[in-house]
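[1] What follows is a protein structure lacking sequence information:
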DNA sequence: CTAGGTGCAAAGGCTTTGCTATGTG
DNA sequence: CACATAGCAAAGCCTTTGCACCTAG
């Protein structure tokens, strides 16, 4: 895979944030630097990066989010607003205790789903 | 929420399988018993059941899968074919060691993503 | 009667894909 | 010149939603 300016920009954007953005957010930030970039390019590039193991994909509420931190590390996910927050930068899960049933492991997601403080306090709003 | 025949059937179908099916699979099985049931009803019912904490939703590769086992238990997910397999029926993750940042926890997903034995052996196919 | 649930179909939203153009070696 | 990639827009696919009808209490 060739390292194009588009690809470099997308990686840079992803590494510069801890917000676990989706493709649209990445696209909107990318076009600030490269106004002609297409959304399809963003999707294609994110796919390739994920297949290469350079980034991690987090599926939540039907939307794909991406994370430049490929270490195993737990996330907090808000079931109301969809926000994703890191708990720590890494977590040592001892995978050797599991029966992996012949799977060749690529990555591990430890996701704690709940309601974030902000959504708890605006619970009663219409 | 009223316990309608549709709702009962969907719960029964989900409890009778370990395949972590998606809405379409549940629908296709449901219409064997109730041919006039609509796909919208399946989606609505699954949503309600999940909000009530009676079932668990697993987002993977852009598709929502459902699991009648609401215990914390790890899954193996195949990144090629999308298959979801249980590792065990329960797993005791000590959540107290985490900084939950004020989140009110609803559920926990421990997903190990990899390539299943079947997809490994058909690696080279076109 | 009246609230909530269902069936049906249309609409919605995220993602993928086909095609042409472009850039690099 | 060959080939991977980008830009653009259309298509695809899963999911949600509006509306009229129905059923239990």
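    All right, it came through fine. If you're wondering where the values come from, they're calculated on a predicted model, not measured in any experiment. Numbers count the residues shown, from 1 in each chain, chains lettered A, B, ... in the order given.

[2] part of a helix, is residue A:27?
    Yes. The assignment for residue A:27 by DSSP: H, G, I helix; E, B strand; the rest coil puts it in a helix.

[3] now it: how far from residue B:49?
    34 Å (CB to CB, to the nearest Å). From N, CA and C alone the C-beta is placed, and that goes for glycine too.

[4] and what of residue A:44?
    36 Å.

[5] hey, which strand is longest across chain A?
    strand A:104-115 (DSSP state E).

[6] Now do that one against strand B:104-115, angle only.
    Interaxial angle, strand A:104-115 versus strand B:104-115 (axes from the mean of the first three to the mean of the last three CA atoms, to 10 degrees): 170 degrees.

[7] List the buried residues of strand A:104-115.
    Within strand A:104-115, the residues that count as buried by 16 or more other CB atoms under 10 Å in any protein chain shown are A:106, A:107, A:108, A:109, A:110, A:111, A:112, A:113, A:114, A:115.

[8] The next helix or strand after that strand: how far from the chain's middle?
    Where DSSP states H and E defines the elements, the next helix or strand beyond strand A:104-115 is helix A:117-121. What separates the centre of helix A:117-121 from the centre of its chain is 22 Å, taken as CA atoms, centre = their mean, to the nearest Å.

[9] List the contacts of helix A:117-121.
    Identification of contacts with helix A:117-121 by CB atoms under 8 Å, 6 or more residues apart in numbering or on different chains yields A:78, A:80, A:81, B:101, B:102, B:103, B:104.

[10] Mean confidence (pLDDT) on it, please.
    Averaged across helix A:117-121, pLDDT comes to 92.
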